[in-house]
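*Asks:* Turn this into a model:
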Amino acid sequence: MASATQLTDSPSFLTEATSRTAETTERYEKCAARLLANYQLETTENPSLPGYATWLTDRRSGMSPSSFRQYRAASIWVFGLILKGDSMNATVHAEVQRAIAILSSPLRNPMFLQPKVPLRTSALKQKRISSQDWEKLTAALSVSKRRHAEAVLLLLTAGLVTGLRPSEWINTRMIQDTEEGWKLKVQNGKSTNGRSHGPTRTLTWSDSTEEVQAIRDWQGHLSTCLPREKDRARAVWRTYYAQLRDTLHEVCQELWPRRQRRPTFYSTRHTFAAAAKALLTPSEVGALLGHGTDFTAAKHYARPPKGRSRLPGFMLPTPDFAEVLRVRQVLEERLNRATLLRAGYAEAHKLDEAFSDDHDGTATELADGLFVLRC
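*Replies:* This is a model prediction of the structure:
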């Protein structure tokens, strides 16, 4: 299956096979509108869609790779909507296609370029929370007089013991199973285009633990803040979450004024992933986090602590066995392939030593080149 990068680098990016939620399309439209406005302000020539595409790709060196991917995806999405319009003359149609071709061209967007840009957005967020920081933060929130301090503490604690994305909480349900204990049913936040192992995931605790109580406390608080109607609940949640996020930012700024990276609500998800990666298999971690492959957590989430660093103490839930089986084993395949390559590399060096007088190191050079190209 093609990766997200491969999809956005190919013409198939515009096909109907790639689905997006209403929130994603709305964000794409706003992003593209903002970029087009900036382009019109900066350009000294007559504005055009191909000119915009060139303008955006030329500015890649000043962006992080993830930011550029989002900008490019938003632009191509909007251009694709334009192509679907009924009343369009041939000239405009050709311009839109040319702009898409420029943005999709791998020659203009080499993936090996990794520009050095100042840290911003997610790069400024602290991924893993240590036990010392957790104690300091929870103590500060417990005595804080801020309006939303109690709610921030509830969300942080529930997020730590479950690893949920903040946006996933409005679609959760806690069930008490007489045989298996407590089950948290979660609607996966990123379930389109194979990014998750399925539409939902299940986290299980065998008994009524402190973790279960933390979840029920947060869900009880949330039920008093959100309306029952789903569309209204999403709108209210976005506003309420922004207020909680601001409160957390203010408290962390007071606690660690000189730090470049401070804890956020997503830090609890990374901390949960770090704890899970230390004890569970990659597929089990992927099932608990709602990932489509066992490689996502290994690449993008915080690593288990080393040395004297410690994570906050909590009990991990048990993943659903059927969901574990649905997690695609990309990491295992890559590790197996790398092992075979290293074996071939070692064998080539043995041949090189045996026949060095006749072959002048050819076997070593061939193995080195193969290892670099395949990895």
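*Asks:* Against which helices or strands is whichever helix or strand residue 176 is part of packed?
*Replies:* Counting by DSSP states H and E, the element that carries residue 176 is strand 172-177. If you count contacts as 3 or more C-beta pairs under 8 Å, 6 or more residues apart in numbering; DSSP states H and E, strand 172-177 packs onto strand 181-187, helix 210-225. Backbone N, C-alpha and C define where each C-beta goes, glycine included.
*Asks:* For residue 51, grab the count of nearby residues.
*Replies:* Per other C-beta atoms under 10 Å, the neighbour tally for residue 51 reads 18.
*Asks:* Let the chain start at 153 from now.
*Replies:* From this message on, residue numbering opens at 153, which makes the last subject residue 203.
*Asks:* Helix or strand for it, just tell me which one.
*Replies:* Going by DSSP H and E, residue 203 is part of helix 201-210.
*Asks:* Check residue 249 too.
*Replies:* helix 242-256.
*Asks:* what about the next helix-or-strand element following that helix, distance to the chain center?
*Replies:* Per DSSP H and E, the first helix or strand lying C-terminal to helix 242-256 is strand 277-278. Distance of strand 277-278 from its chain centroid, counting by C-alpha atoms, centre = their mean, to the nearest Å, is 14 Å.
*Asks:* follow-up on the earlier one: using CSV, write out every CA atom in the helix holding residue 249.
*Replies:* C-alpha atoms of helix 242-256 as CSV (Å, rounded to 0.1, in the frame of the first residue of the first chain):
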residue,chain,number,x,y,z
ALA,A,242,-10.1,25.7,-21.9
THR,A,243,-7.5,28.3,-20.8
VAL,A,244,-8.4,28.2,-17.1
HIS,A,245,-8.6,24.4,-17.2
ALA,A,246,-5.1,24.2,-18.6
GLU,A,247,-3.8,26.6,-16.0
VAL,A,248,-5.2,24.6,-13.2
GLN,A,249,-3.7,21.4,-14.6
ARG,A,250,-0.4,23.1,-15.0
ALA,A,251,-0.5,24.3,-11.4
ILE,A,252,-1.2,20.8,-10.1
ALA,A,253,1.6,19.4,-12.2
ILE,A,254,4.1,21.8,-10.8
LEU,A,255,3.0,21.0,-7.2
SER,A,256,3.0,17.3,-7.8
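*Asks:* Which elements pack onto that helix?
*Replies:* Partner elements for helix 242-256 (3+ C-beta pairs under 8 Å, 6+ apart): helix 201-210, helix 217-235.
*Asks:* Pipe the ones you listed into a markdown table and attach mean pLDDT and distance to residue 322 per row.
*Replies:* What follows is those, written out as a markdown table (pLDDT from 0 to 100; distance: least, C-beta to C-beta, whole Å):
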| stretch | mean pLDDT | distance to residue 322 |
| --- | --- | --- |
| helix 201-210 | 89 | 34 |
| helix 217-235 | 87 | 24 |
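*Asks:* In CSV: the ones you listed, plus distance to residue 435.
*Replies:* Shown next, in CSV, are the helices and strands packed on helix 242-256 (distance: least, C-beta to C-beta, whole Å):
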stretch, distance to residue 435
helix 201-210, 38
helix 217-235, 25
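*Asks:* Just name the most buried of the helices and strands packed on strand 324-329.
*Replies:* strand 333-339 (a mean of 19; mean count of other C-beta atoms under 10 Å).
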